[in-house]
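**Student:** give me the fold of what follows.
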Amino acid sequence: MAIYKLIRKQVIPADIATLWDFFKDPSNLTAITPSYMNFVIKTMDTSDDIYAGQMITYRVAPIAKIPLFWMTEITAVVKHQYFIDEQRRGPYKMWHHQHHFSITERGVEMTDIVHYELPFGILGQFAHWLFVKKQLNQIFDYRFEKIATLFN
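**Tutor:** Numbers count the residues shown, from 1 in each chain. Down below sits the predicted model:
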């Protein structure tokens, strides 16, 4: 059982309210996800704010355009500080994604901390080594660049 960890930090020259409004809205994920992922939001709550218990479903096709169902639940929220989403169904055995926001002199530092585990035991570990780790890094690299473009 291998649990992997990915951490990314980015300072964004914007105020916390603007960033929070952007990241609390799942529909904005499409703008910061590479098109090759074929990312489509299937259902989401249209509430004005993010809340613990909120469920969001997606379709992604990260490999050979094979569509996969993904359901996440927002499990914790402290407004303007952090929120956590966890996979309930999807391609990972476990996915726990923390989104932290802290005000700095240069804007807001956003920190993503993702803990994840792949299914299929040793085969999943091999897939991680072969392509999953690289693909996740590419997705977060893309996200970094898109956020920098959107908020500069």
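
**Student:** my guess is residue 50 contacts residue 24, does it?
**Tutor:** Yes - the criterion here is Cβ atoms under 8 Å, and residue 50 meets it with residue 24 at 4.0 Å. Yep, even glycine has a C-beta here, placed from its N, CA and C like the rest.

**Student:** find the residues that touch each one of these two.
**Tutor:** Counting by Cβ atoms under 8 Å, 6 or more residues apart in numbering, the contacts common to residue 50 and residue 24 are residue 83.

**Student:** tell me what residue 77 is bridged to.
**Tutor:** The bridge-partner assignment for residue 77, based on DSSP bridges, gives residue 83.

**Student:** tell me how far the residue most central in space within the chain lies from residue 90.
**Tutor:** Centroid-nearest residue in the chain: residue 97, 6.3 Å away (criterion: Cα atoms, centre = their mean). Distance, residue 97 to residue 90, by Cβ to Cβ, to the nearest Å: 12 Å.

**Student:** now the common contact residues for those two.
**Tutor:** Residues touching both residue 97 and residue 90 (Cβ under 8 Å, 6+ apart) are residue 72.

**Student:** correct me if wrong: residue 65 contacts residue 38.
**Tutor:** Yes - Residue 65 sits in contact with residue 38 when judged by Cβ under 8 Å, with a separation of 6.3 Å.

**Student:** so which of those two has more stuff around it?
**Tutor:** When neighbours are counted by other Cβ atoms under 10 Å, residue 38 comes out ahead of the other of residue 65 and residue 38, with 15 against 9.

**Student:** do you know how far that one is from residue 64?
**Tutor:** Using Cβ to Cβ, one gets 11 Å for the distance from residue 38 to residue 64.
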